[in-house]
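In: Coordinates for the following, if possible.
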Amino acid sequence: MSEVTAQDNSNVAPVEPATPTPAPVPPAPVPPVAVIPVIAPGPAVAAPVQTVPTPVAPVSNGKEIVYAGMDLGTNSSCICISLNENDENASEVVPSVVGYAEEGILSGILPGDSATLYGNDAIRNELHLRTVRPLKDGVIYDLEAATGLACHIREKIDPKREKNIKCVVGIPAGASDADRESLQQAVGKAFDSYLFIPEPFLAALGYRDETQLSNPDYNDPVKNSLFIDIGAGTTDFCIIQGYYPTDDDQMSIPFAGDNVDKLIAVGIQDAYPETRLSDSMIRKFKEEHSYIGELKYGLRVKVPVGGKPKKIDIGKQIGTACNVLLDECFRAIQKVISMASSESVFEMLQNIIITGGGSRIKNIAPELQRLLLEEGYENPQIQVAGYNYKEYVAKGAFKAAQSTRDNQWESAK
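Out: Numbering: from 1, shown residues only. Predicted coordinates for the structure are as follows:
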């Protein structure tokens, strides 16, 4: 593991002043900084520490250390890094797609005549590529493609690999040992050091607004909340209570956005057998028109049938599929609520937060809240995280990376 080194000034002789120096001026007060929990590798609760930005970048083995946070997702991935010593950060979302050039493709068709393209480049040129989605159900499905995607994302930070990149990476709450091993192989080839932390916890950390912590009316999502991360491959539930969650605080179900897509596709195929819609077209319709509640009719979209445009009504198919997701989430959340301690459960019910792509489904929060009320839970309050849901896991991972101790990092082999 790399060790951070500091400049040694012990052998530099002090300079004697020629004239008496005036009394020192007291330093200006340092503004308060956000308190971020230290992420421990086990269930033990770690004491919070303060991170103060320094104008001198840390160095390890002669390389500048850059802290990063990454969400390697089924549909899209996101990387978050620090822009400067003032701790300003930036994030970029990359579609989780890898495209391999079709055999015999002519020169000049693909950008730079590349044999492999990633993200948006792969999507723009998919007609001439064999496209692969490296992750399925939230975990790595194609190790070679996942490794290439992770390396592509690293190159966005450090194209020449001149820096020491320490990256915290989100991992699904229910990931198996085999899933973790695959992620280690992919991430280990992309970054110098890494650490895996459950994605719902990172989403809470990324959603947290440190500027509001002194506000007595602010409901801190890291203090006591229940996060529901509805992704493409899995829906993850995690009780967040100010420390690294244990297995007893988490649950994952293999029903999420991809399953909704499949139900919509089957419903459309049954109603309109002449249609042949691609996965990307189904996903686009879902993202634009998804809703939960009473079925709607008259939601018409244009699709190709035999090369000709045709308008079809997909309101029933989308509503039916999304309502199935609601039922799955309702059954799962009841189990998770029963896992909370009696001292924390009532307060936790006031702070249930839905994030991930599923959080954009219209009415999901009020409908889930309604079901909990009807089941007898006392005054549950459910909200959605907002439009920046794709960035929350990566931003939380970046915050965690900044306060991770040296002995907690895994070094790339």
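
In: what's the neighbour count on the closest residue to residue 255 other than its chain neighbours?
Out: The shortest distance from residue 255 to any non-neighbouring residue, by C-beta to C-beta, 6 or more residues apart in numbering, is to residue 328 (4.5 Å). No exception for glycine: its C-beta is placed from N, CA and C like everyone else's. Each residue near residue 328 was counted by other C-beta atoms under 10 Å, and the total is 18.

In: residue contacts, residue 328?
Out: Neighbouring residues of residue 328 by C-beta atoms under 8 Å, 6 or more residues apart in numbering: 235, 253, 255.

In: now residue 292
Out: Here residue 292 is in contact with 319, 322, 323, 325, 326, 361, 362, 363, 364, 367 (criterion: C-beta under 8 Å, 6+ apart).

In: what about burial for those residues, which qualify?
Out: 319, 322, 323, 325, 326, 361, 364, 367 (16 or more other C-beta atoms under 10 Å).

In: In the stretch 51-200 of the chain, where is pLDDT below threshold?
Out: For the stretch 51-200 of the chain, the stretches flagged by pLDDT under 70 are 51-61, 83-89.

In: the helices in it, which residues?
Out: For the stretch 51-200 of the chain, the helices defined by DSSP state H, counting those that start in this stretch cover 119-124, 143-157, 177-188, 199-207.

In: Between those, which one is closest to residue 333.
Out: helix 199-207 (12.5 Å; C-beta to C-beta).

In: same for that closest one, what does it pack against?
Out: The helices and strands touching helix 199-207, judged by 3 or more C-beta pairs under 8 Å, 6 or more residues apart in numbering; DSSP states H and E, are strand 63-71, strand 164-171, strand 225-230, strand 235-240, strand 352-355, helix 389-402.

In: Not counting its neighbours along the chain, what's nearest residue 363?
Out: residue 292 (4.5 Å).

In: do residue 323 as well
Out: Per C-beta to C-beta, 6+ apart, closest to residue 323 is residue 292, 5.9 Å.

In: picking that back up, tell me which entries of the buried ones among the contacts of residue 292 lie within helices.
Out: 319, 322, 323, 325, 326, 364, 367 (DSSP state H).

In: what about the fourth one, distance to residue 285?
Out: Using C-beta to C-beta, to the nearest Å, one gets 15 Å for the distance from residue 325 to residue 285.

In: do the second one as well
Out: Residue 322 sits 12 Å away from residue 285, going by C-beta to C-beta.

In: picking up where we left off before, which of the helices and strands packed on helix 199-207 is buried the deepest?
Out: strand 225-230 (a mean of 29; mean count of other C-beta atoms under 10 Å).

In: what's the neighbour count on residue 131?
Out: Neighbour tally, residue 131, other C-beta under 10 Å: 16.

In: go on, residue 136?
Out: 13.

In: returning to that earlier point: between the ones in helices among the buried ones among the contacts of residue 292, which is nearest residue 231?
Out: Out of these, the member with the shortest distance to residue 231 (by C-beta to C-beta) is residue 325, at 11.7 Å.

In: Excluding residues flanking it in the chain, which one is nearest the closest one?
Out: Nearest to residue 325 is residue 260, by C-beta to C-beta, 6+ apart, at 5.4 Å.
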